[in-house]
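Q: Curious how this folds, go ahead:
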Amino acid sequence: MVGMSLAGGSNLCLSFFFLEKEKKFIQGKLRLISAASVIAAGLAVGLASIGPGVGQGTAAGQAVEGIARQPEVEGKIRGTLLFSLAFMEALTIYGLVVALALLFANPFV
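A: Alright, predicted model coming up:
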């Protein structure tokens, strides 16, 4: 009877050892996922702002050039420019939303 309880205690001790190892392994994976999420968030904001930034600069330059060539259509050009700039800025905001989701509502953790 004593031998059986000793074997049962040994199994219990062994299972706690493996649970502790598994817990450390999972914590390491969570740290890795968190670090990758921070890097991905930075890349999302950075890459999402490159395209619209270049596009907005090009659009503004072309609008100024168009207004210089035909000053009588300044109102139409300005309206179209502001409308297109708003759409370009929306793309940057989508990148920000993805970054915030990765940082605060991470589906991988």
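Q: Tell me where the longest helix sits in the protein.
A: Criterion DSSP state H: the longest helix present in the chain is helix 2-69.
Q: elements contacting the next helix-or-strand element following it?
A: Beyond helix 2-69 in the direction of the C-terminus, DSSP states H and E gives the next helix or strand as helix 74-104. Identification of packing neighbours for helix 74-104 by 3 or more CB pairs under 8 Å, 6 or more residues apart in numbering; DSSP states H and E yields helix 2-69. In this view, the C-beta of every residue, glycine as well, is placed from N, C-alpha and C.
Q: Run the chain-centre distance for the helix it packs on.
A: 9 Å (CA atoms, centre = their mean, to the nearest Å).
Q: What residues sit buried inside stretch 79-87?
A: The neighbour-count check on stretch 79-87 (16 or more other CB atoms under 10 Å) flags 81, 85 as buried.
Q: Can you check what angle separates the worst-scoring helix or strand of the chain on mean pLDDT from helix 74-104?
A: In the chain, no helix or strand scores lower on mean pLDDT, DSSP states H and E than helix 2-69, which sits at a mean of 81. When axes from the mean of the first three to the mean of the last three CA atoms, to 10 degrees is applied, the directions of helix 2-69 and helix 74-104 differ by 170 degrees.
Q: Pull the contacting residues for the nearest residue to Val38 once chain neighbours are set aside.
A: Spatial nearest neighbour of Val38, chain neighbours left out: Leu103 (6.9 Å); criterion: CB to CB, 6 or more residues apart in numbering. With contacts defined as CB atoms under 8 Å, 6 or more residues apart in numbering, Leu103 is in contact with 37-38, 41.
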